[in-house]
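K.L.:
attaching a predicted model along with its sequence, questions to come.
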Amino acid sequence: MSQTLAPDQAAVLADPDEHRGGTGTLRFVLTKIAEAVASVFLVIVLGFFLFRLLPGDPVAFMARERPTDPGQIAELRERLGIDKPILAQFGNYFAGLFQGDFGESYIERRPVLDMIGERLWPTVLLVGSATILAVALGLWLGIRAAWKRDSFFDRAQTGIALTLWSVPQFWLGLLLLVATNGLFPSRGMHSPDAGPGFFAQSLDVLHHLILPCLTLLAVFYAQYMLVMRSSLLGEMNADYLTTARAKGLRDDLVRRRHAVPNALLPTVTLIFMQFGMVVAGAVTVEAVFSWPGLGQLTYDALHGPDLPVLQGVFIVLASAVVLMNLFAELLYRVLDPRVRAA
């Protein structure tokens, strides 16, 4: 005998998430947030103990230019808090983080959080510009290459993308410096002889931004291009595209209205996941071009070693990766109904 479902039972089966009061979605979000918090905690632990393994003595570095007796050395170690056992140092550092205290720079004797805040905007400017251009260029070339599969354009773009993706960023930056031969500034973010006024200053910053931005763009656009090409190739033989063509839609409408929106799902997720990696990857590029961002701050702090600065930058960069991964997972659940159903 067949059993007839009551209307409310049928509604629950049709949309179980809605009739659970959204508990499935809430549980998913809370789980991902908890995983992100745990990841950040592991980043803090790893960052603290990892930088303690670096060679070099920060106290000896600070006292290298003036005669210092053992008593002064001991007093300096006590003032910096590095005379305590390592676990006690970690406890003090972890407690300070809860109060927004990243410590004080050994070299500059300034709060680390202030130093990071000063260098954050140049990094955001560089990474943001490169990411926007890389996404736009990578998606456009990936769509065209997939739709013209096995053509000369497809083979050429795929070969170029694979080559650029495998090139180390610092080496590519050095090549651009040699190739441009002084056409663009090679150091810093501002010129001392730049004219006054917002427009003149903006043009000066843009002139300095071109080479480091082009270096990041050349490496990261390749990844978006290859992923978009692969995603679109996976959709090209789908039944819904055959149906759309059978209805008489032009090929460009089939691509734009049906194929590309579905192929964008993994690419959009990758954009968020890789944004944090671009921030971390800017370290080597900033060091090559002396761009005054977090990467250059890290490079300078390694010479000390300035442990509080290294720890602070490491936490900020790694937390950016964790946060972008969290956004990517939440966004994918919103964009793809199949993930919600699972």
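P.N.:
Cool, the structure landed.
K.L.:
quick one: name whatever helix or strand follows the helix or strand harbouring residue 96.
P.N.:
In this structure, residue 96 sits in helix 86-98 according to DSSP states H and E. Sequence order places helix 112-147 as the next helix or strand after helix 86-98, per DSSP H and E.
K.L.:
let me see the mean pLDDT of that following helix.
P.N.:
Mean pLDDT, taken over the full extent of helix 112-147, equals 88.
K.L.:
state the next helix or strand along the chain beyond it.
P.N.:
Next along the chain after helix 112-147, taking DSSP H and E as the criterion, comes helix 152-166.
K.L.:
got the buried residues for that following helix?
P.N.:
By neighbour count on 16 or more other C-beta atoms under 10 Å, the buried set for helix 152-166 is 154, 157-158, 161, 164. Using the backbone N, CA and C atoms, a C-beta is placed for each residue, glycine as well.
K.L.:
just want the angle from that helix to helix 112-147.
P.N.:
Taking axes from the mean of the first three to the mean of the last three C-alpha atoms, to 10 degrees, one finds helix 152-166 and helix 112-147 inclined to each other by 160 degrees.
K.L.:
which strands or helices does helix 152-166 pack on?
P.N.:
Using 3 or more C-beta pairs under 8 Å, 6 or more residues apart in numbering; DSSP states H and E, the elements in contact with helix 152-166 are helix 112-147, helix 198-235.
K.L.:
how far out from the middle of the chain is the last one?
P.N.:
The reference is to helix 198-235. In terms of C-alpha atoms, centre = their mean, to the nearest Å, the centre of helix 198-235 is found 13 Å from the chain centre.
K.L.:
so which elements touch it?
P.N.:
If you count contacts as 3+ C-beta pairs under 8 Å, 6+ apart, helix 198-235 packs onto helix 112-147, helix 152-166, helix 169-180, helix 260-289.
K.L.:
swap in the first one?
P.N.:
Under the contact definition 3+ C-beta pairs under 8 Å, 6+ apart, helix 112-147 sits against helix 152-166, helix 198-235, helix 260-289, helix 294-301, helix 307-335.
K.L.:
and of the ones you listed, who's closest to residue 246?
P.N.:
Residue 246 sits nearest to helix 198-235 of all these, at 16.5 Å, using C-beta to C-beta.
K.L.:
can you put the buried residues of helix 152-166 in a markdown table and add distance to residue 139 and pLDDT?
P.N.:
Below are the buried residues of helix 152-166 laid out as a markdown table (distance: C-beta to C-beta, whole Å; pLDDT from 0 to 100):
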| residue | distance to residue 139 | pLDDT |
| --- | --- | --- |
| 154 | 15 | 89 |
| 157 | 12 | 90 |
| 158 | 15 | 90 |
| 161 | 12 | 89 |
| 164 | 16 | 87 |
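K.L.:
let me know the closest of these to residue 313.
P.N.:
Of the buried residues of helix 152-166, the one sitting nearest to residue 313 (C-beta to C-beta) turns out to be residue 164, at 26.8 Å.
K.L.:
any idea how far the residue nearest to that closest one when sequence neighbours are not counted lies from residue 159?
P.N.:
In this structure, residue 164 finds its nearest non-sequential neighbour in residue 222, 4.5 Å apart by C-beta to C-beta, 6 or more residues apart in numbering. Taking C-beta to C-beta, to the nearest Å as the measure, residue 222 falls 10 Å from residue 159.
K.L.:
overlap in contacts, these two.
P.N.:
Counting by C-beta atoms under 8 Å, 6 or more residues apart in numbering, no residue touches both residue 222 and residue 159.
K.L.:
that older thread, what is the nearest of the buried residues of helix 152-166 to residue 267?
P.N.:
Taking C-beta to C-beta as the measure, residue 267 lies nearest residue 161 of the buried residues of helix 152-166, at 13.9 Å.
K.L.:
which residue packs closest to that closest one, ignoring adjacent ones?
P.N.:
Spatial nearest neighbour of residue 161, excluding adjacent residues (C-beta to C-beta, 6+ apart): residue 222 at 3.8 Å.
K.L.:
neighbours of that neighbour, just the number please.
P.N.:
Other residues near residue 222 come to 25 when the count uses other C-beta atoms under 10 Å.
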